[in-house]
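Chemist: Give me coordinates for this.
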Amino acid sequence: MNSGSHLDVAIVGAAQTKYESAKSHLAYNELVYEVVRELLETTGVKMAQIHSQITASQDMYDGKTISSMSVNEVVGGYLKSECKVAADGLQALLYGVARVASGAFDYTLVVAHCKESEGKPHPITGSMFDPFVERPLGLDAMLATSMQAERYQTSRGITDDDLATISQRRHRQAARNSFSQRSGDYSVEQIKNSPVLMGRIHELLAGPTSDGACALLLARANEAKRFATKAVWVAGLGNSTDAYWTDRDLTESKALQDAAGRAYRAAGIDNPEKQINVAEVSARFAFEEPLYAEALALSKTKKIHEWIASPDAGPSVNPSGGAITGNPATVVGLTRAIEVYLQLSGQAGEHQVEHAGLGLAHGRDGICGQNHSVVVMRSNSAVQ
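Modeler: As a prediction, the model looks like this:
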């Protein structure tokens, strides 16, 4: 494909809640209703025009089977083609793009929701592990992640100060994003001395417990054209799942390399470090950001320390503050896509990146990032 290619599918609108530690005053359908109503009002598209809905939620977090049933009516899924993705929200976006690109639908609504505050993380995330050996040992996502962090830091020579610097940068950026849950001008020492969650992972090196929802609207080319600069085109996408966490090297992310390679080839990108203007990376832990930057080829492995120290070199990464400042599971990846959409359509407000024409959104899921999705997008002006 040439530099201006795309898939004839565009994001034409997006909405998200402010992310908070608890939204106990809202039921799931009320939480989702908030973003769907805003999306319809801002795009001017009527619910009657949308015949395809993809929702992202997980039964374990919602505390019920078929968790999408809680929100089916408010997303307009009654007697329409609604489908649930029990994975990261960016994977739901890939599904939605495929539906629109097939020519079967003019519009597809993609919605993700989660209220982490209403569940206990140990039994919920522990359900991912082998039930015969690993669950009886008490393994959960935090414990596995702390082991991965130790392994990655040791292999790359990344210090606690390096990770505190990343966290400091993101929390300062989050102060310019009104949707962020946690922000502040923390010192490196404050971050390093924040309460220990597990191993070398401190409270301010990890995303907080979070509640929220987000939604975006996909449109076919003939419908998207009327949105002018508010239409952002999907240029490439990729998804890949790696081996079980005990059967792979946790200092690398082969699945993300594979997913990114597919997205880059589709978008005609051969030098992402130079060509991509803004990247939103799903890193809920500080150590994940350099790990995933390497896999996305935004930074070369031998230059990772230089990348950490020089935030202005290469693409602008997580100008929103990123997931470390607060996004719930399932919602994280779709939020990254929305933030890239806002950047490329010039609607990012105080955290707007100048001259952003090409962007990347990343989502991850599973134990120690077993599954990864990547979406490359172009602004309307970059496609002309």
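Chemist: On the three-state scheme, Asn177 is what?
Modeler: Reduced to three states with DSSP: H, G, I helix; E, B strand; the rest coil, the structure at Asn177 is coil.
Chemist: Please tell me how far it sits from Thr325.
Modeler: Taking Cβ to Cβ, to the nearest Å as the criterion, Asn177 is separated from Thr325 by 8 Å. Quick note: C-beta positions are derived from backbone N, CA and C, even for glycine.
Chemist: any shared contact partners between the two?
Modeler: When contacts are counted by Cβ atoms under 8 Å, 6 or more residues apart in numbering, Asn177 and Thr325 are jointly contacted by Ser183.
Chemist: hang on, isn't Ile191 packed against His202?
Modeler: Yes. The pair formed by Ile191 and His202 meets the contact definition of Cβ atoms under 8 Å, at 6.7 Å.
Chemist: still on that earlier bit, when Asn177 and Thr325 are compared, which one has more neighbours?
Modeler: Looking at Asn177 and Thr325 with other Cβ atoms under 10 Å, you find the greater number of neighbours at Thr325, namely 28 against 22.
Chemist: And the more buried one, how far from Leu31?
Modeler: Using Cβ to Cβ, Thr325 is found at 19 Å from Leu31.
Chemist: Repeat that for Leu93.
Modeler: The separation that Leu93 has from Leu31, given Cβ to Cβ, amounts to 19 Å.
Chemist: and the two? which has more neighbours close in?
Modeler: Comparing Leu93 with Leu31 by neighbour count (other Cβ under 10 Å), the higher total belongs to Leu93, at 30 against 21.
Chemist: Let me see the contact set for the more buried one.
Modeler: Contacts for Leu93 were tallied using Cβ under 8 Å, 6+ apart; they are Ile54, Val110, Leu216, Leu218, Gly333, Leu334, Ala337, Ala361, Gly363, Ser373, Val375.
Chemist: What distance do you get for the last one to Ala313?
Modeler: Separation of Val375 from Ala313 (Cβ to Cβ) stands at 23 Å.
Chemist: These two: which is more packed in?
Modeler: Each of Val375 and Ala313 has its neighbours counted (other Cβ under 10 Å); Val375 has more, 29 against 12.
Chemist: on that earlier part again, give the buried subset of the contacts of Leu93 as a PyMOL selection command.
Modeler: Isolation of the buried members of those (16 or more other Cβ atoms under 10 Å) is achieved in PyMOL through the command below:
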select buried, resi 54+110+216+218+333+334+337+361+363+373+375
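Chemist: What about the contacts of Leu93, which are in strands?
Modeler: Assignment to strands by DSSP state E places the following of those there: Ile54, Val110, Leu216, Leu218, Ala361, Gly363, Ser373, Val375.
Chemist: The fourth one - nearest residue in space that isn't next to it in sequence?
Modeler: Spelled out, it's Leu218. On the basis of Cβ to Cβ, 6 or more residues apart in numbering, the spatially nearest residue to Leu218 that is not a chain neighbour turns out to be Thr108, at 4.5 Å.
Chemist: Helix, strand or coil: sort out the one you found for me.
Modeler: Secondary structure, three-state DSSP: Thr108 is strand.
Chemist: Which elements pack onto the helix or strand where Leu256 lies?
Modeler: Assigned by DSSP states H and E, Leu256 belongs to helix 254-267. Contacting helix 254-267 under the criterion 3 or more Cβ pairs under 8 Å, 6 or more residues apart in numbering; DSSP states H and E are the following elements: strand 232-241, helix 288-295, strand 358-365, strand 371-379.
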